[in-house]
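**Student:** Just to be clear, the model below is a prediction. Sequence and coordinates:
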Amino acid sequence: MAITKRVTFIAKPEGIEMMKKLLSAMVAPSKAEDGCLFYEIFQYENNPQKFMAYESWRDEEALDGHRTSAHYAVYKSSYEPYCEKKYTDELEVLG
């Protein structure tokens, strides 16, 4: 069963550009991972401090592989100084 998430990041005002850089660097390598069904990161036009990652993985094994990737480790060890708040919503695909 596919796992779909929406992760929201609120950057600190002084951290907007670094959050944008860190999150943007996740897109291409994440899309290339086995089991990635969808992976995009958005920045809100009306609120540049707010970013949203929308991702879908084939199964828990694929998501676990993502969490152990080198690019995920770089992001995970780097984003906190630039991020004011982060929260995740688990989504169920209907239909």
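**Tutor:** Here it is on my side, so go on. Numbers count the residues shown, from 1 in each chain.
**Student:** Just give me the residue closest to the centre of this protein.
**Tutor:** A53 (4.1 Å; CA atoms, centre = their mean).
**Student:** Partner strands of the host helix or strand of it, with direction?
**Tutor:** Using DSSP states H and E, A53 maps to strand 50-57. Strand 50-57 sits in its sheet next to strand 3-11 (antiparallel), strand 36-43 (antiparallel), going by DSSP bridges.
**Student:** K20 is nearest to which of these?
**Tutor:** With CB to CB, the closest approach to K20 among the strands paired with strand 50-57 belongs to strand 36-43: 6.3 Å. Yep, even glycine has a C-beta here, placed from its N, CA and C like the rest.
**Student:** okay, that closest one in CSV with CA atoms only?
**Tutor:** Output in CSV follows, covering the C-alpha atoms of strand 36-43 (Å, rounded to 0.1, in the frame of the first residue of the first chain):
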residue,chain,number,x,y,z
CYS,A,36,9.3,6.9,-5.2
LEU,A,37,5.9,7.5,-6.8
PHE,A,38,5.8,11.3,-6.4
TYR,A,39,8.1,13.8,-4.7
GLU,A,40,7.7,17.6,-5.1
ILE,A,41,8.5,20.6,-2.8
PHE,A,42,6.5,23.8,-3.0
GLN,A,43,7.1,27.3,-1.6
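**Student:** Can you list the buried residues in it?
**Tutor:** Across strand 36-43, burial judged by 16 or more other CB atoms under 10 Å covers 36, 39, 41, 43.
**Student:** For T68, state which of these is nearest.
**Tutor:** C36 (13.8 Å).
**Student:** these two touch, right, the closest one and A62?
**Tutor:** Yes - judged on CB atoms under 8 Å, C36 makes contact with A62 at a distance of 6.8 Å.
**Student:** So K86, which state does it fall into?
**Tutor:** strand (DSSP: H, G, I helix; E, B strand; the rest coil).
**Student:** wait, what's in contact with it?
**Tutor:** 7-10, 79 (CB atoms under 8 Å, 6 or more residues apart in numbering).
**Student:** Check V93 too.
**Tutor:** 2, 4, 56.
**Student:** Appreciated, that's everything.
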